[in-house]
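Asker: Fold the following for me, if possible:
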Amino acid sequence: MESHPFLTAVSKIDQGTQTGAQYVSSSLAPPSLVAGPKRKTWDNWPAIAYEKVGVPLVTKGKSFYHNAHDLYFQKDANGKTLMDEFLEVYKNRPDPVNMCGIRINHAMALFLAVKQIQPTLVVESGVNAGVSTYFIRAASPITKIFAIDPLEVPICNQGDRWIDSSRLTTNYTGKKFVDLMDLDWKGMVAKGEIDPDSTLVFIDDHLHAFKRIAGVMKFGVRHIVVEDNYKYGEGATMDDKRSTPKQMFLGKEWKKEGDWLFNNIVAYAEFPPIVPPIMAQANTDERKRAGGFMVAVDDNTDIVSPMLRPDLREEDMKLYKHIAATLGIDPSLKDKMSYMQFMNYNQICHLELLPMPPTLLYEK
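Answerer: Sure thing, here's the model as predicted:
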């Protein structure tokens, strides 16, 4: 992501603890996934996902993110799709721009995770304007939410933070801030206040993602979604550049961490972007140095195949234009705001952890 409230408040934290319309989509074929021994490939897409570390694109096990296309575009008995529901939610988001927050690709990933996992609790580390909290609540009216953020008000001049009006959300923000790693996990589990097996931790705080994953794993947490899963060498903060699952799996300097993480997960998958980078070829903005955005000239060897291929299929192009029109976005993506909507993509990933805390926790 571009920036985040944690970026301006991180110095205050003890770094030692780290602390719509109906779609006619039944004829659309999802990206053809070819599974082989220890690898997965897609038709007309250069990337290969391997079930091993030391490669740009890693996969493991079975995650609902692997089936994102079908889950979003298959019709129900009434002819509706999850994409129909999502677009209605997205159109009514509290901040239409959300300059320092998630946009379409990330919102779809978070929305789908809550729908599929059906968690009893979502612990959201990184709130800013509250738009991600809005998507969590829209996906589930009965899930408890712990909304964590060190700042009292959003950055990037985003106005008032969206606050969930239900009694199911606890806001650990501003003066009430408690870091993800400082929550009383043991006490809450012991008292039966939370069920770690049905808890989803959503990490969007630009702190050390690996340490935070390893930290909550020991309490029995099963599901984690990392929003800013930066590629090797990219990131908005120093921690971003040295701690994401994607970096741990590829970087030789983090082989110990990468091996440990890979061996302690049941499944790992990166959410597919809705359309490929080539759809932004009319945009002439410079590539962001921090990363986090797709660019038309990308070689696409390190990201999974998109859900839709408007560059190859006429039906997908019609669907893409319909989605863009529904949201009031220029499908050419020439202007900055339109580009940022569809090309804001940072390999958001889902990790399903081992069902029990690992017997040998990660140690430096």
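
Asker: which SSE is the nearest residue to T59 once chain neighbours are set aside in?
Answerer: Distance criterion C-beta to C-beta, 6 or more residues apart in numbering; nearest residue to T59, sequence neighbours excluded, is A49 at 4.0 Å. Using the backbone N, CA and C atoms, a C-beta is placed for each residue, glycine as well. Element membership of A49, judged by DSSP states H and E, is strand 45-50.

Asker: Show residues contacting that strand.
Answerer: Residues from elsewhere that reach strand 45-50 (C-beta atoms under 8 Å, 6 or more residues apart in numbering): 31, 38-41, 55-59, 299-305.

Asker: Just the mean pLDDT for it, thanks.
Answerer: Averaged across strand 45-50, pLDDT comes to 97.

Asker: For it, which residues meet the burial criterion?
Answerer: W45, A47, I48, A49, Y50 (16 or more other C-beta atoms under 10 Å).

Asker: Mind checking the pLDDT average for whatever helix or strand comes next after that strand?
Answerer: Scanning forward in sequence from strand 45-50 by DSSP H and E, the next helix or strand is helix 68-73. Averaging pLDDT along helix 68-73 gives 97.

Asker: which residues of the stretch 51-200 of the chain fall in helices?
Answerer: Using DSSP state H, counting those that start in this stretch, the helices of the stretch 51-200 of the chain run over 68-73, 82-91, 104-117, 131-139, 185-190.

Asker: now the third one and helix 82-91, what's the angle there?
Answerer: Spelled out, it's helix 104-117. For helix 104-117 against helix 82-91, the angle by axes from the mean of the first three to the mean of the last three C-alpha atoms, to 10 degrees is 120 degrees.

Asker: Now do helix 104-117 and helix 131-139, the angle between them.
Answerer: Helix 104-117 and helix 131-139 are oriented at 40 degrees to each other (the same axes, to 10 degrees).

Asker: tell me what helix 104-117 is packed against?
Answerer: With contacts taken as 3 or more C-beta pairs under 8 Å, 6 or more residues apart in numbering; DSSP states H and E, helix 104-117 sits against helix 68-73, helix 82-91, helix 131-139, strand 199-203, strand 223-226, helix 336-343.

Asker: again with the second one
Answerer: Helices and strands in packing contact with helix 82-91 are listed as helix 68-73, helix 104-117, helix 131-139, helix 314-326; criterion 3+ C-beta pairs under 8 Å, 6+ apart.

Asker: do that again at 6 Å, thanks
Answerer: Applying 3 or more C-beta pairs under 6 Å, 6 or more residues apart in numbering; DSSP states H and E, one finds that helix 82-91 contacts helix 68-73.

Asker: what's the distance between the helix it packs on and the middle of its chain?
Answerer: Averaging C-alpha positions (C-alpha atoms, centre = their mean, to the nearest Å) puts helix 68-73 16 Å from its chain's average.

Asker: go on, stretch 237-248?
Answerer: With C-alpha atoms, centre = their mean as the basis, stretch 237-248 stands 15 Å off its chain's centre.

Asker: cool, stretch 274-287 as well?
Answerer: Distance, centroid of stretch 274-287 to centroid of chain: 20 Å (C-alpha atoms, centre = their mean).

Asker: Begin at 138, not 1, for the rest of this chat.
Answerer: Shifting the count to begin at 138 puts that one at stretch 411-424.

Asker: Could I get the CA-only coordinates of that stretch as PDB?
Answerer: Output in PDB follows, covering the C-alpha atoms of stretch 411-424 (Å, rounded to 0.1, in the frame of the first residue of the first chain):
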ATOM      1  CA  ILE A 411      -8.900  -9.000 -11.100                       C
ATOM      2  CA  VAL A 412      -7.200  -8.000 -14.400                       C
ATOM      3  CA  PRO A 413      -3.600  -8.100 -15.800                       C
ATOM      4  CA  PRO A 414      -1.200  -5.200 -15.800                       C
ATOM      5  CA  ILE A 415      -1.500  -4.800 -19.600                       C
ATOM      6  CA  MET A 416      -4.900  -3.100 -19.000                       C
ATOM      7  CA  ALA A 417      -3.000  -0.100 -17.800                       C
ATOM      8  CA  GLN A 418      -0.900   0.400 -20.900                       C
ATOM      9  CA  ALA A 419      -2.500   3.800 -21.500                       C
ATOM     10  CA  ASN A 420      -1.300   5.100 -18.200                       C
ATOM     11  CA  THR A 421       2.100   6.900 -18.300                       C
ATOM     12  CA  ASP A 422       2.700   7.500 -14.600                       C
ATOM     13  CA  GLU A 423       6.100   6.400 -13.300                       C
ATOM     14  CA  ARG A 424       6.400   3.200 -11.400                       C
END
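
Asker: For it, buried residues please.
Answerer: Using 16+ other C-beta under 10 Å as the test for burial, stretch 411-424 gives I411, V412, P413, P414, I415, M416, A417, N420.

Asker: In a helix, F347, correct?
Answerer: Yes - under DSSP: H, G, I helix; E, B strand; the rest coil, F347 falls within a helix.

Asker: Find the nearest non-adjacent residue to it, please.
Answerer: For F347, ignoring the flanking residues on the chain, the nearest one in space by C-beta to C-beta, 6+ apart is S380 at 4.6 Å.

Asker: Tell me the confidence at K425?
Answerer: K425 is given a pLDDT of 89.

Asker: neighbours around it, how many?
Answerer: 15 (other C-beta atoms under 10 Å).

Asker: Can you check my assumption that it lies in a helix?
Answerer: No - counting by three-state DSSP, K425 falls outside a helix, being coil.

Asker: For R274, give me its contacts.
Answerer: Residues near R274 by C-beta atoms under 6 Å, 6 or more residues apart in numbering: D301.
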